[in-house]
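Enquirer: Model the following, please.
(one chain, ligands or ions: 2)
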Amino acid sequence: MSETKSSVPHKIIGVAIIKNDLGQILIDRRRLEGAMGGLWEFPGGKVEPNETVSECIKREIQEELGIEIEVGKHLLTIDHTYTHIRVTLTVHECRHLSGIPQPIECDEVRWVNVGELETFTFPEANLQIIEVLRKG
Ligand SMILES: Nc1nc2c([nH]c(=O)n2[C@H]2C[C@H](O)[C@@H](COP(=O)(O)OP(=O)(O)OP(=O)(O)O)O2)c(=O)[nH]1
Ligand SMILES: [Mg+2]
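Expert: Ligands and ions are numbered 1, 2, ... in the order given. A predicted model of the protein is given here:
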């Protein structure tokens, strides 16, 4: 008998590729304590019950960074299984509207050029996102 079902929890994550007027992208560094601590990521978080992915992204970005964004079109979806969790990253392009990003729920935030992304350490699942952005 083959074992095909994974027993780790599965979460749907809304992920924002937020661009400013200079074409830079906003990244944040996850808190040192906790899962994937210290790694850089694109802002976002878990989709709550009765919430669309777009609603989730807008809410998470307001909660985590204190800024207003416009959630734009879907860019890609990545399904990835880590040792303790399986995530489905639903990635949307977003536009920065107002506010200066604050590291409210993370250690650091930065605007970076697409070409600089490879110099930061991201979770494994992000390699595909960065590849798409570099080609974009
Ligand atoms: N936001 C975000 N999460 C990512 C990225 N890449 C990646 O593997 N993840 C994973 C890390 C986590 O397992 C999961 C995001 O969950 P999270 O715990 O940060 O969710 P959250 O913001 O709702 O946080 P919390 O309220 O549960 O603390 O997705 C990414 O680029 N951005
Ligand atoms: Mg988050």
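Enquirer: Setting aside sequence neighbours, what's the nearest residue to the residue of the chain at minimum distance from ligand 1?
Expert: Closest approach of the chain to ligand 1 (CB to the nearest ligand atom) occurs at residue 45, with a separation of 2.5 Å. Quick note: C-beta positions are derived from backbone N, CA and C, even for glycine. Nearest residue to residue 45, sequence neighbours excluded (CB to CB, 6 or more residues apart in numbering): residue 60, at 4.1 Å.
Enquirer: doesn't residue 42 make contact with the one you found?
Expert: No. Using CB atoms under 8 Å, residue 60 is not in contact with residue 42; the gap is 10.7 Å.
Enquirer: who touches both of those two?
Expert: residue 16 (CB atoms under 8 Å, 6 or more residues apart in numbering).
Enquirer: Which positions in this structure make contact with ligand 1?
Expert: Proximity of the chain to ligand 1 (CB under 6 Å from any ligand atom) is limited to residues 13, 15, 35-36, 41-42, 44-46, 60, 85, 87, 89, 123, 125-126.
Enquirer: Restrict these to the buried ones and give me that as a PyMOL selection.
Expert: Selection of the buried residues among the residues of the chain next to ligand 1 in PyMOL, burial being defined by 16 or more other CB atoms under 10 Å:
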select buried, resi 13+15+36+41+42+44+45+60+87+89+123+125+126
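Enquirer: which ones are touching residue 135?
Expert: Residue 135 sits next to no residue when contact means CB under 8 Å, 6+ apart.
Enquirer: low pLDDT regions in the protein?
Expert: 1-5 (pLDDT under 70).
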